[in-house]
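# what's the 3D shape of this:
(2 chains)
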2 protein chains.
Amino acid sequence: MRIAVDAMGGDFAPREIVAGAVQAARDLKHIKTLYLVGDRAAVEAELAKHGPRPSNIELVHASEVVGMDESPAIAVRRKKDSSIARSVDLVKSKEADAVFSAGSTGAAVASCQLKLRTLEGVTRPAIAAVFPSPTKPFILIDAGATPDCTPEILRQFAVMGSVYSREILKVPNPRIGLMSIGEEDAKGNETTKETFQLLEKSHLHFAGNIEGHDLFEGEIDVVVCDGFVGNVVLKTSESVGHAISTWIKQEFTSNPIRIIGALLLRGALKSFKRKINPEAYGGAPLLGVNGVCGIGHGSSSAFAAYNGIRAAAEAVKYDINQQIVEEIRKVEAAT
Amino acid sequence: MRIAVDAMGGDFAPREIVAGAVQAARDLKHIKTLYLVGDRAAVEAELAKHGPRPSNIELVHASEVVGMDESPAIAVRRKKDSSIARSVDLVKSKEADAVFSAGSTGAAVASCQLKLRTLEGVTRPAIAAVFPSPTKPFILIDAGATPDCTPEILRQFAVMGSVYSREILKVPNPRIGLMSIGEEDAKGNETTKETFQLLEKSHLHFAGNIEGHDLFEGEIDVVVCDGFVGNVVLKTSESVGHAISTWIKQEFTSNPIRIIGALLLRGALKSFKRKINPEAYGGAPLLGVNGVCGIGHGSSSAFAAYNGIRAAAEAVKYDINQQIVEEIRKVEAAT
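Numbers count the residues shown, from 1 in each chain, chains lettered A, B, ... in the order given. Sure, this is the predicted structure:
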C-alpha cells in the first residue's frame, strides 16, 4: 500500500506532519511507500531530526503551499504545484492508494473533487468527522464538503457513514440518526422530512430523527446532516468546549485555595483533555471520491498525523470505497 | 401593564412558575395585573405557600395542559382550554400585554402564530435565545420557530434581533453576524450567500459571516440563522456542556486526592455554573408576532420564571414591536 502525505499542510507543518509520517512509516508494516510531498529542503530538514530514514519513505517535491486562509477554489486552479495538488495527483495516477492532508480542508476537498471525481453512483462527497463522547465516539457526516443537499444526497451520506463506522470504527450494524429539530418524522425542515421517509424505507439501521441534545448520549453511531449544519455543529462543539475551558481556568486560578485544588486535580484535567482529544480517531475522511482521502484538523500534532495516516491506510485495506459503491447501488435499487 | 403567565407550563410547573410569578408581582411595580393561568386548585395550592397574595395577581382557570411531548400542532387545535391557549387568548383580547410560558415551545409558538398572527411586515416569527459567554451574552435568532427561511426572512430576523439586543440587553448598535461555514461572502449555502448581500446593503451593523468557532468570542451581539440551524446550535451547545460536566464529574471523583481537590474548588464550580446559567437572561422571546411572548426553558426554576416575566415586561415597556415594524419597513424600503 502506498500513501501520499501532504507534508506542508497544517498549522504545525512540516514539523508535526513529518514526525507523524516517520512513525507511521516505521510502525505500519503494510505501508510499502509513504510519499512525503512538499518543499524538498524543508522536508529533508525535518526528516533529519528523526534518525535513520525509513526505507519506505520517498520524497516528492512540490514548490507551492495552499495557505489556510486562501480561497480553495482559486488556490486549486492557480497553484498547480502545491503540496496538496501533487499529493492528490499521485492518487489520480494510481501511484498512491490514499492521501492524507492536515492543510486547508477546502483545498483538499476541491482537489479531490476536481482530480479524482466522485465514486460510481455518488452524487456529492462528504466529510465524516469522528466526535468523542463520554460513552463512545460517533461519526457526523457531512462536516462541510457539501453545504446544499437533496434528500437523495443525504441518503448517500447515511450509506457512506454507515460503511465507515462499520469498517473503521468497528461498530457492528451502526445506528443512523438524522439530525433534526424534533424526534417525530413530521419535524425538521422540508429536506429532512423527505430524507426521513427515504431512510425509513432503506435497509440501513435507521433510528429516526435526533436533536442536538442526543448527540453525546451514546445512542447513535452515525449522525447524518448536510455540510452546512454539520460544519456548524462541529465548530460550535469546539467553540463551547473552548469557552468552558476558558471559564474554568478563570475560576480555578482566582484565589490560592482554588489553585491548590486545581493542582490536586492536575491528573484529572489531563485525563479529561486526553479523552476529548479527537486526534486519536485519525481525522476526518472525505468519502465518496474515487480514492481515499484523509483530512486532518489544521492544528494536527504528530500524533494526529500518525492516526490520520493509519485511518487512511485502513480505509484502503478494507476497501471501503467498493463497499460504498455496492451499498449505494443496493439502497437506490430498492426505491 | 398586564402579563399572562402560563402557570402549568414547564417541567417544574406549577411550583416554580408560581413562585417566580409571586416574586415578579411583588418586585416589578409596573405590573398592574399578573394573570396566573392554569388549574385553579393547583395554582391556589402553590400560591398558599408564599404568604399574603399580592393584590395584582389574578387567577384565570384553564382545565387542560399541553404536555412537553405532545405534537404542538394537534395540541393547539384540540386543547382549546389549555393554560397556554388561555394565556395567549388574554393577549389576543387585549386583556394582557404579554404572555410568558415555560411549557412546550412548539405549543407556545403555534398558539401565538395562530391567535396573534405576525406583526405588520413580518413574514415569519423567530425565537431570540440569549447565550451566555465568557465575555458577554449574545442573541441567536432564530432558535427554532421557522426552520425553512428565505434570505428576506433572515433579513427580518436580523432586524428583530438587533432591536431586541439594543432595547432589552442594552447593547448600543448591536453587531450582527450571519451564521455560515466560512468568513468570505462566497462561503455558505445558497440561502446564506444571498442573505449576505441583503444584509450588506442594509442600514444594520452587519459584521459579515461568522462560524461556529466565533460564537463565544464576544465579537458578535446577534447571530442570524434559520430556525433549523439555530435549534441545532442551541441544543448542541447544551449537549456539549452536559457531556463535559459528565466527563469532569467522572474524573474529579475517581480517587481520594481528586475528591479533596474538587472540594477545594467547590466555590469555583458553583460560580462557573452560575455564569453559564442562561436563566438570568429571561428566556427566549418569540419575536415578530402581534403581541409579546416570552418563552422559558422547560426546566425553568422560579428564578428563570421571574426573569422571563421581567424580560417580557421590558419588551412591552420599550415597545419593541413598534420598533420592529418601523425598522423592517426601513430596511425593505431601501431595496
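# strands of the stretch 201-335 of chain A, start to end?
Secondary structure of the stretch 201-335 of chain A by DSSP state E, counting those that start in this stretch: the strands cover A:206-210, A:222-224, A:284-287, A:292-295.
# only C-alpha atoms, please: export the first one in CSV.
What that stands for is strand A:206-210. Only the C-alpha atoms of strand A:206-210 are listed here, as CSV (Å, rounded to 0.1, in the frame of the first residue of the first chain):
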residue,chain,number,x,y,z
PHE,A,206,-32.2,4.0,10.8
ALA,A,207,-33.0,5.1,14.4
GLY,A,208,-35.0,8.2,13.4
ASN,A,209,-34.5,11.9,13.9
ILE,A,210,-32.1,13.1,16.6
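# what is that strand packed up against?
strand A:176-179, helix A:190-201 (3 or more CB pairs under 8 Å, 6 or more residues apart in numbering or on different chains; DSSP states H and E). Quick note: C-beta positions are derived from backbone N, CA and C, even for glycine.
# nearest to residue A:238, of these?
Judged by CB to CB, the one of the helices and strands packed on strand A:206-210 that comes nearest to residue A:238 is strand A:176-179, at 17.0 Å.
# just checking, what packs against that closest one?
Counting by 3+ CB pairs under 8 Å, 6+ apart, the packing neighbours recorded for strand A:176-179 are helix A:151-167, helix A:190-201, strand A:206-210, strand A:222-224, helix A:227-252.
# pick the most deeply packed of these.
For the helices and strands packed on strand A:176-179, the largest average neighbour count (mean count of other CB atoms under 10 Å in any protein chain shown) is found in strand A:222-224, namely a mean of 30.
# that one vs chain B: in contact?
No - using CB under 8 Å from any CB of the partner chain, strand A:222-224 stays clear of chain B, coming no nearer than 10.4 Å.
# so what does that strand touch, helix or strand wise?
strand A:138-141, helix A:151-167, strand A:176-179.
# can the ones you listed go into a markdown table with extra columns for mean pLDDT?
Shown next, in a markdown table, are those (pLDDT from 0 to 100):
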| stretch | mean pLDDT |
| --- | --- |
| strand A:138-141 | 96 |
| helix A:151-167 | 96 |
| strand A:176-179 | 97 |
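# would CSV of those with distance to residue A:251 be doable?
CSV is the format used below for these (distance: least, CB to CB, whole Å):
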stretch, distance to residue A:251
strand A:138-141, 30
helix A:151-167, 37
strand A:176-179, 33
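# out of the helices and strands packed on strand A:206-210, the one nearest residue B:32 is which?
That would be helix A:190-201 among those, by CB to CB, at 44.1 Å.
# on that earlier part again, can I get the strands of the stretch 201-335 of chain A in a markdown table including distance to residue A:156?
Output for the strands of the stretch 201-335 of chain A, formatted as a markdown table (distance: least, CB to CB, whole Å):
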| stretch | distance to residue A:156 |
| --- | --- |
| strand A:206-210 | 14 |
| strand A:222-224 | 10 |
| strand A:284-287 | 9 |
| strand A:292-295 | 17 |
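# nearest to residue A:146, out of the ones you listed?
strand A:284-287 (10.5 Å).
# which strands border the closest one, and is each parallel or antiparallel?
Strand pairing for strand A:284-287, using DSSP bridges, gives strand A:126-131 (antiparallel), strand A:292-295 (antiparallel).
# from the chain's centre, how far out does the lowest-mean-pLDDT helix or strand in chain A sit?
Between all helices and strands in chain A, the lowest mean by mean pLDDT, DSSP states H and E belongs to helix A:266-275, at a mean of 80. Distance, stretch centre to chain centre, for helix A:266-275: 24 Å (CA atoms, centre = their mean, to the nearest Å).
# quick one: buried residues of it?
Buried residues in helix A:266-275, defined by neighbour count with 16 or more other CB atoms under 10 Å in any protein chain shown: A:268, A:269, A:272.
# what angle separates that helix from helix A:227-252?
170 degrees (axes from the mean of the first three to the mean of the last three CA atoms, to 10 degrees).
# check whether helix A:266-275 contacts chain B.
Yes - contact between helix A:266-275 and chain B, assessed by CB under 8 Å from any CB, occurs at A:267, A:268, A:269, A:271, A:272, A:275.
# how about the contacts made by residue A:325?
Applying CB atoms under 8 Å, 6 or more residues apart in numbering or on different chains to residue A:325 gives the contacts A:119, A:120, A:121, A:122.
# revised request: answer the last question for residue A:299.
Residue A:299 sits in contact with A:10, A:11, A:12, where contact means CB under 8 Å, 6+ apart.
# wait, the second one sits on residue A:69?
No - the pair residue A:11 / residue A:69 is not scored as a contact, 11.5 Å apart, by CB atoms under 8 Å.
# any idea how far residue A:42 is from the residue nearest to residue A:306 when sequence neighbours are not counted?
Nearest residue to residue A:306 in three dimensions, chain neighbours excluded: residue A:20, at 4.0 Å (CB to CB, 6 or more residues apart in numbering or on different chains). Distance from residue A:20 to residue A:42, counting by CB to CB, to the nearest Å: 16 Å.
# give me the more crowded residue out of those two.
residue A:20 (27 against 16; other CB atoms under 10 Å in any protein chain shown).
# rank the helices and strands packed on strand A:176-179 by pLDDT, which is bottom?
Here the lowest mean pLDDT among the helices and strands packed on strand A:176-179 goes to helix A:227-252, at a mean of 88.
# does residue A:108 really touch residue A:294, like I thought?
No - contact criterion CB under 8 Å: residue A:108 and residue A:294 do not qualify, at 9.0 Å.
# about what we covered before: pLDDT for the contacts of residue A:299 - can I get that in TSV?
Formatted as TSV, these follow (pLDDT from 0 to 100):
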residue	pLDDT
A:10	92
A:11	93
A:12	94
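# just among the residues you listed, which is most surrounded?
residue A:10 (26 neighbours).
# so who does the closest residue to it other than its chain neighbours touch?
Distances taken as CB to CB, 6+ apart put residue A:102 closest to residue A:10, at 3.4 Å, once the chain neighbours are dropped. Taking CB under 8 Å, 6+ apart, we find residue A:102 in contact with A:6, A:9-10, A:13, A:17, A:283, A:295-298, A:300, A:304-305, A:308.
# quick one: which of the residues you listed is most hemmed in?
residue A:6 leads the contacts of residue A:102 on contacts (other CB under 10 Å) with 37 neighbours.
# what residue is smack in the middle of chain A?
Closest to where the C-alpha atoms of chain A average out (CA atoms, centre = their mean) is residue A:284, at 0.5 Å.
# how close does that one sit to chain B?
Using CB to the nearest CB, to the nearest Å, we find residue A:284 at a distance of 14 Å from chain B.
# spit out the contact partners of the closest residue to residue A:328 other than its chain neighbours.
Leaving aside its chain neighbours, residue A:328 sits nearest to residue A:121 (4.5 Å; criterion: CB to CB, 6+ apart). The neighbours of residue A:121, taking CB under 8 Å, 6+ apart as the test, are A:156, A:325, A:328, A:329, A:332.
# go on, residue A:17?
A:5, A:6, A:7, A:8, A:9, A:10, A:102, A:300, A:302, A:305.
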